[in-house]
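# Compute the structure for the input listed below.
(chains A and B)
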Number of protein chains: 2
Amino acid sequence: MDIPEIVLQMALEAKAAARKLGTLSRGVKDRVILRMAELLKERQAEIQAENKKDVDAALKEGHPAAFIDRLMLTDKVMAAMVQGLKEVAALPDPVGAVIGMWVRPNGLLVGRQRIPLGVIGFIYESRPNVTVDAAALCLKSGNAVILKGGKEALNSNLALARIMQQALTEAQAPAAAVQVIPAVAREATLELLKQDELVDLIIPRGGEGLIRFVAEHSRIPVLKHYKGVCHIFVDEGADLDLAETVCFNAKVQRPGVCNAMETLLVHEAAAPRFLPRMLARFREAGVELRGCPRTVKLDPQVIPAKAEDWGYEFLDLILAVKVVPDLDAALEHIARYSSNHTEAIITRDYDRAQRFLKEVDSSVVLVNASTRFNDGGELGLGAEIGINTSKLHAFGPMGLEELTTTKFIVYGSGQIRT
Amino acid sequence: MDIPEIVLQMALEAKAAARKLGTLSRGVKDRVILRMAELLKERQAEIQAENKKDVDAALKEGHPAAFIDRLMLTDKVMAAMVQGLKEVAALPDPVGAVIGMWVRPNGLLVGRQRIPLGVIGFIYESRPNVTVDAAALCLKSGNAVILKGGKEALNSNLALARIMQQALTEAQAPAAAVQVIPAVAREATLELLKQDELVDLIIPRGGEGLIRFVAEHSRIPVLKHYKGVCHIFVDEGADLDLAETVCFNAKVQRPGVCNAMETLLVHEAAAPRFLPRMLARFREAGVELRGCPRTVKLDPQVIPAKAEDWGYEFLDLILAVKVVPDLDAALEHIARYSSNHTEAIITRDYDRAQRFLKEVDSSVVLVNASTRFNDGGELGLGAEIGINTSKLHAFGPMGLEELTTTKFIVYGSGQIRT
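Numbering: from 1, shown residues only, chains lettered A, B, ... in the order given. The predicted structure follows:
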């Protein structure tokens, strides 16, 4: 079979598997997930041997250390995968829950019941641990998943898929619930993105280039975020110790992730007291600072910001800093440059806190807390498969419930429409 | 300005309007909607004069009577539009409601709050009353809407838009909340479908051709259904009087709509007693019957069904009828031919009722009630802007809540991520 035939066949099998998965009880799904965890431990050597092939090839190709680091299934990464599976098994099953039921005047009893989405296509880069994380979340939410990982991780991903399919088969669940596309060509991704009759949702995870490629070529709905350009606004009268702690955390704790702060906005009344201490602390931590003219005036070591620094996702120890006259100016700046991902205000003022929460159009809006909390686990969703900054279906982090939809169920006694 | 410039400008203004609309109180929105109702009455003659231009042109072009009927803003249709506006004003405002709030171990208070989607593009055929219905639902849910109706209704739609914009302006709400594209070329639709940075959602309403055109050309998410191929399964041991009443209603009450029954499946144990009386009644009502060989055997007047009659949306007084050996066979048939729109079972058996509700993958699944109840109003959503048979965002009828999404709001006290 050539690649289009292989992908079509996988999609057909996934759709058939999805029909069965939707009716599996929580008990069966959890047994499969826990058995996957056992098998990962039992067959760790085999998986790591396959992973070594990928790592050796990637080293030969001269990939950078950070790339190799993400590709490698060390003992520690393996243990984290096992732990992740156990955590997903412990989460409640979203499927079947009736989230509202009411009686119509004619006596019809109408409810909304959670059901799986069906078949999910998950497209990602060369991080084989993601294969297991994503598969577990899809399986727990009753969805079949077709995984297309980075080409450098193919041997690892196929080894992981074999083990997950063994766990499915042992429980008499359909093995096609979890499939890894056994091809590395971009053609395979393109073929998957065409299957709008069979695949219900595409989730891409990775760099902006991968995500734009997927969004541009998909005939299937895509839940995604291109980037996280997160802002914090430090208000007049804010608790400056609190502001310093939160801003430092938001920028420095893990600068390479989507929920790290990229632009700091400071009320002009707070700037003279706040910026010197804050910027000194950032500088100590190795943060490169790029500021508006007023910021540079307060701290001449700051590099003058260029136009393109506003709304830029540095993903690094670099921060854009701007002094603004008031909350309105901060809201205007955010409306113009935000990626609708995460924004926070640091304030002691009740009205401005409420206004910020109401008017900022981002998936997570916080008062007096770090932007780093935009994460399914941190917000209490249990786990997450990604963050969506389009408004449809699920705005923000997507956990198990966000991998479901609802159908209407209606209990009647002979009602007809008149 | 040429068409692309006009559409882009409208989308920019809609986006700016949406930012304001999202923060309008219910009071203001309802005042605008009720004022629209007043103005429709006050300026009925003016609207009908514009409508007459459209109707005269359509008559000259030789459109059929049913088309003219849908195009014409009679006194009765005008009164229904006014009534519709009053009903939307009376519905609760979905925006701002917090649909869940919880405390994290670190003290963060996390909630999900309903917010508008933003800008909605609504594409439909030559039914000018839909212009007002759709605009009211979008406005009440805090969304800006760009309307692109059928080319034969342009004068009517522009007259209605002027009046709705007057009501907005009087209340100092942004007039760009409701805009009708003042062009009839298909180019205008194509241009709207490209504005994925400015428009959040496209809802097409009309025939399958229009909807496929929109879905194929849109870069923006589309909520839609192509067709409604609704099935009813009459089970062994069903109450045959109830079955007859419900099936008759589902097929005959309004055969041209998407939630009318298209295929009747009958358990073989019920068929000999049920089909003769049911088919006789259908025949009396002028329904053309196309059956499987076993159906034809029971009633030789039935036309033998062709392969393409299964899964076909007749939208007319035509019905496909099939005798099946059991519930499994009915479920198989539905899984193969259903459009995921609406299916019903007529039964007295508890287990089979529950299995049908669980296993049928349609947006509305009913026991002992007519498929005609798949409608936002009938199911208790208050009103509907359309029905979606894709799983994303809102599966089934879409009311005001389905025109919103949720964002996470987080009340902190200095929390940082460690």
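# Quick one: residues contacting the closest residue to chain B within the stretch 101-250 of chain A.
Across the stretch 101-250 of chain A, no residue is closer to chain B than A:Asn249, which sits at 3.6 Å (C-beta to the nearest C-beta). For the C-beta atoms, the positions are set from N, CA and C on the backbone; glycine is no exception. Shown in contact with A:Asn249 (C-beta atoms under 8 Å, 6 or more residues apart in numbering or on different chains): A:Ser370, A:Arg372, B:Ile416, B:Arg417.
# ok, the closest residue to the last one other than its chain neighbours - how many residues close by?
Once its chain neighbours are removed from consideration, B:Arg417 has its nearest residue in A:Arg372; the separation is 3.9 Å (C-beta to C-beta, 6 or more residues apart in numbering or on different chains). Neighbourhood size, A:Arg372 [other C-beta atoms under 10 Å in any protein chain shown]: 25.
# what do you get for A:Pro293?
Around A:Pro293 there are 12 other residues, counting by other C-beta under 10 Å.
# Please report how far it lies from B:Arg186.
Using C-beta to C-beta, to the nearest Å, A:Pro293 is found at 49 Å from B:Arg186.
# quick revisit: may I see the contacts of A:Asn249 arranged in CSV, with secondary structure as well?
Output for those, formatted as CSV (DSSP: H, G, I helix; E, B strand; the rest coil):
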residue, secondary structure
A:Ser370, coil
A:Arg372, helix
B:Ile416, coil
B:Arg417, coil
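# Neighbour-wise, which one of those residues leads?
For the contacts of A:Asn249, counting by other C-beta under 10 Å, the largest number of neighbours falls to A:Ser370: 31 neighbours.
# Contacts only, for it.
Going by C-beta under 8 Å, 6+ apart, A:Ser370 touches A:Val246, A:Asn249, A:Ala250, A:Gln253, A:Ala344, B:Gln415, B:Ile416, B:Arg417.
# so the closest residue to A:Arg127 other than its chain neighbours is in which element?
Using C-beta to C-beta, 6+ apart and skipping residues adjacent in sequence, the residue nearest A:Arg127 is A:Arg70, 4.8 Å away. Applying DSSP states H and E as the criterion places A:Arg70 in helix A:65-71.
# For the helix or strand just after that helix, list every residue counted as buried.
Counting by DSSP H and E, the next helix or strand C-terminal to helix A:65-71 is helix A:75-90. By 16 or more other C-beta atoms under 10 Å in any protein chain shown, the buried positions in helix A:75-90 come out as A:Val77, A:Met78, A:Met81, A:Val82, A:Gly84, A:Leu85, A:Glu87, A:Val88, A:Ala89.
# Could you verify that A:Leu366 is part of a helix?
No. Per three-state DSSP, A:Leu366 lies outside any helix segment and is strand.
# pLDDT score assigned to it?
pLDDT, A:Leu366: 98.
# What count of nearby residues applies to it?
Number of residues near A:Leu366 (other C-beta under 10 Å) recorded here: 31.
# Which strand residues bridge it?
A:Ala344, B:Val410 (DSSP bridges).
# Output the longest helix belonging to chain A.
What stands out as the longest helix in chain A, according to DSSP state H, is helix A:3-21.
# what's that one in contact with?
Helix A:3-21 is contacted from outside by A:1, A:116, A:118-119, A:139, A:142-146, A:173-177, A:179, A:181-183, A:185, A:187-188, A:191-192, A:195, A:198-199, B:335, B:361, using C-beta under 8 Å, 6+ apart.
# So for stretch A:262-277, first residue to last residue, what's the gap.
End-to-end span of stretch A:262-277 (C-alpha to C-alpha, to the nearest Å): 18 Å.
# can you redo the contacts of A:Ser370 as JSON lines with pLDDT and distance to A:Glu61?
What follows is the contacts of A:Ser370, written out as JSON lines (pLDDT from 0 to 100; distance: C-beta to C-beta, whole Å):
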{"residue": "A:Val246", "pLDDT": "98", "distance to A:Glu61": "41"}
{"residue": "A:Asn249", "pLDDT": "98", "distance to A:Glu61": "37"}
{"residue": "A:Ala250", "pLDDT": "98", "distance to A:Glu61": "35"}
{"residue": "A:Gln253", "pLDDT": "96", "distance to A:Glu61": "32"}
{"residue": "A:Ala344", "pLDDT": "98", "distance to A:Glu61": "41"}
{"residue": "B:Gln415", "pLDDT": "98", "distance to A:Glu61": "42"}
{"residue": "B:Ile416", "pLDDT": "98", "distance to A:Glu61": "39"}
{"residue": "B:Arg417", "pLDDT": "96", "distance to A:Glu61": "35"}
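# Show me which pair in the residues you listed is furthest apart.
A:Gln253 and A:Ala344 (14.0 Å; C-beta to C-beta).
# Okay, now the unreliable bits of the stretch 151-300 of chain A?
Confidence mapping of the stretch 151-300 of chain A against pLDDT under 70 gives zero matching residues.
# Quick check: mean pLDDT of stretch A:58-68?
pLDDT averaged over stretch A:58-68 gives 95.
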